[in-house]
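Asks: coordinates only, sequence not included:
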């Protein structure tokens, strides 16, 4: 495809003209999450849930991404981002967008509160409540709060108290009634206390714990007059860096988790009316450098609203959804191995139950024909039936190997616990690589059958986590394909013994060859386009940030390859720009469920969807960390039935969705909600209505595929 005379060639464009900034793209994603809290069609508590999620997301962004940039600034790092910004330039840009998001969160809460009050749910601060509620609240404070909290004077005789990460506290200016002397006191809210106190009664009244402490300050400080108060909250740097000389990863992580709680303060959040002298005191004592200081006229810690969402009001929530157990397994009387032995199968979570994955392991644990089980564990949750199954298998005399990833951010402590339990049961626990995270989701069972040993594998796009599988959309692929079984064995040998496979029959593994496999397929589509044949790429991913792959997609677009990417979160690629990416469309789906599964499809010389297309599922996104610093797998789907189900049902439904979709503007980086003309398509609703993938995809095909090439409008 020739470039127009007035359009600069890609090599003439500056980095910021070629790529979006990763951090700003993430903030745009969280802006889309927050926008769901303003959808009037959603039940009220679901809107509050999205508001809470946006707050939690923003907290993690500050603790990890912003903390990392601030650390680079402190260390004098000047390395440029993909779009050509220094760390300090990125921080400046982030600050402006962060302020906008915070203001929008508070505006959204102000809008939701009266609507919730109309439904009998009240989120109170210092407002008046009736006498009966006031009496109960006062008594609750005396009986349950006062014995737990500890006022501490702030003066030369008392060391400044340590404020933990995500810690909330209150500062009080006090005047002694007897002699008029001045005193400053701090009260920290222990993490063990609930964020909101619910007053009993038909009317649901919630009072934030920090506001309760301020409300009854006179009970804490008898003999003093409270002349000023203010509530604050801090976030600390929460990333854990691995030191190369760490000889014992378990011991290292146990101490690193403790160090994280004392990380550098990265954000101080205070009341709008916070006393200036008290603010200066906090700045000084917390040694704030490269720290966001934000004043909030509203509620601190928006993420805490998740406690209010738990209120038992089904009328204000989505209609409960119960996933269906896979029909294929039920046809075999619940025998998972028999179902897989007959034919490969794919399970679509959360529409189809994750229980089948657990049953796969439970059956393996108790099957006398099963010889060994190998399992990767990235996040398993706090109550894990997967751990229980592996423990049972070891106790039953099976050879069980579990790869437990200690570096799974914010799950390090839980994973240490699981590792200990597994080892005590006799499981061989492996912690993988020091420098790389093991992010692949693979389970491998070797079973003795007629004619020898047979390997059964589960490849997933999501974690073995029973809670997240209820809200994350992911794929579970079960197969007894001998080639995939052999490759899975080599994968585990690579992780457990650092034995790099000399060859692989089906799988691609990062950081070895996964990126190269993607590039090879893109190159093939470029060749098809240049030969005048149909050339199409359809992807469903969570993030796109890796420069080499983005540049190759630009090359594909210039050659005439039609590229459509469903990218839920960060996207550094600029779509739809003349001469660069005019044949690329990027959309994002945000809705009731969190889109999480990764699917990579290539037309292979035919118009998609096609039986000849190359289709892969993966644990990897298109990010540097996934392609270079993690152990991931790219799994080709060669079984005809599963191939059609993944391509012509799951992926196509995501491409056709109009009711939950946003289009990325390649010029501005803004996302524009797709306008539905009244005949919209909601992929989540579709799969809730048609949860089984078996024989239900025909309704999706029709003749709607050509609309996928549009840059604007319905996709």
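Replies: That came in fine, so what should we check first? Not measured: the values here are computed from a predicted model. Numbers count the residues shown, from 1 in each chain.

Asks: domain assignment for this protein?
Replies: The chain breaks down into these domains under automatic domain parsing: 17-311, 327-502, 509-709.

Asks: where in the chain is pLDDT low?
Replies: Filtered on pLDDT under 70, the chain yields the residue ranges 1-8, 126, 239-262, 289-291, 380-383, 407-412, 415, 677-678, 693-715.

Asks: So what are the sheet partners of the biggest strand by length in it and their directions?
Replies: In the chain, ranked by residue count with DSSP state E as the criterion, the top strand is strand 224-236. Strand 224-236 pairs in its sheet with strand 168-176 (antiparallel), strand 265-271 (antiparallel), by DSSP bridges.

Asks: most neighbours per residue, which of those?
Replies: Of all the strands paired with strand 224-236, strand 265-271 carries the top mean neighbour count, a mean of 22, counting by mean count of other CB atoms under 10 Å. Backbone N, C-alpha and C define where each C-beta goes, glycine included.

Asks: So which other helices or strands are in contact with the next helix-or-strand element following it?
Replies: As assigned by DSSP states H and E, the chain's next helix or strand after strand 265-271 is helix 276-285. Helix 276-285 is packed against strand 168-176, strand 224-236, strand 265-271, with contacts defined by 3 or more CB pairs under 8 Å, 6 or more residues apart in numbering; DSSP states H and E.

Asks: The first one: how far from the chain's middle?
Replies: Which is strand 168-176. Offset of strand 168-176 from its chain centre (CA atoms, centre = their mean, to the nearest Å): 38 Å.

Asks: try the last one
Replies: Centroid separation between strand 265-271 and its chain, computed with CA atoms, centre = their mean, is 24 Å.

Asks: Going forward, the N-terminal residue is numbered 6.
Replies: Okay, residue one is now 6; in that scheme the one you just asked about reads as strand 270-276.

Asks: Using JSON lines, lay out the strands paired with strand 229-241 together with distance to residue 529.
Replies: Converted to JSON lines, the strands paired with strand 229-241 look like this (distance: least, CB to CB, whole Å):
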{"stretch": "strand 173-181", "distance to residue 529": "55"}
{"stretch": "strand 270-276", "distance to residue 529": "45"}
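
Asks: mind checking which of those strands is nearest residue 422?
Replies: Closest of these to residue 422 is strand 173-181, at 26.4 Å (criterion: CB to CB).

Asks: The stretch 106-255 of the chain: helices as residue ranges?
Replies: Using DSSP state H, counting those that start in this stretch, the helices assigned to the stretch 106-255 of the chain run over residues 136-145, 214-220, 222-225, 254-265.

Asks: again, but for the stretch 606-720 of the chain
Replies: 629-633, 645-650, 657-661, 688-694, 703-706.

Asks: so of those helices, which one's packed in deepest?
Replies: Scoring these by mean count of other CB under 10 Å, the most buried comes out as helix 657-661, with a mean of 23.

Asks: Give the bridge partners for the closest residue to residue 521 other than its chain neighbours, please.
Replies: Spatial nearest neighbour of residue 521, excluding adjacent residues (CB to CB, 6 or more residues apart in numbering): residue 513 at 7.6 Å. Applying DSSP bridges to residue 513 gives these bridge partners: residue 639.

Asks: surely residue 513 meets residue 625?
Replies: No - no contact is recorded between residue 513 and residue 625 when judged using CB atoms under 8 Å, the distance being 9.2 Å.

Asks: anything in contact with each of the two?
Replies: 519, 638-639 (CB atoms under 8 Å, 6 or more residues apart in numbering).

Asks: of those residues, buried ones?
Replies: Neighbour counting by 16 or more other CB atoms under 10 Å classes 519, 638-639 among these as buried.

Asks: Quick one: the residues you listed as JSON lines, columns for distance to residue 199 too.
Replies: Shown next, in JSON lines, are those (distance: CB to CB, whole Å):
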{"residue": "519", "distance to residue 199": "44"}
{"residue": "638", "distance to residue 199": "41"}
{"residue": "639", "distance to residue 199": "44"}
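
Asks: Closest one of those to residue 406?
Replies: Of all those, residue 406 sits closest to residue 638, with 16.7 Å by CB to CB.

Asks: For residue 529, give me its contacts.
Replies: Contacts for residue 529 (CB under 8 Å, 6+ apart) come out as 607, 609.

Asks: now do residue 477
Replies: Here residue 477 is in contact with 354-355, 467, 598-599, 601 (CB under 8 Å, 6+ apart).

Asks: same check, this time on residue 135
Replies: Listed by CB under 8 Å, 6+ apart, the contact set of residue 135 is empty.

Asks: what's the spacing between it and residue 210?
Replies: Separation of residue 135 from residue 210 (CB to CB, to the nearest Å): 9 Å.
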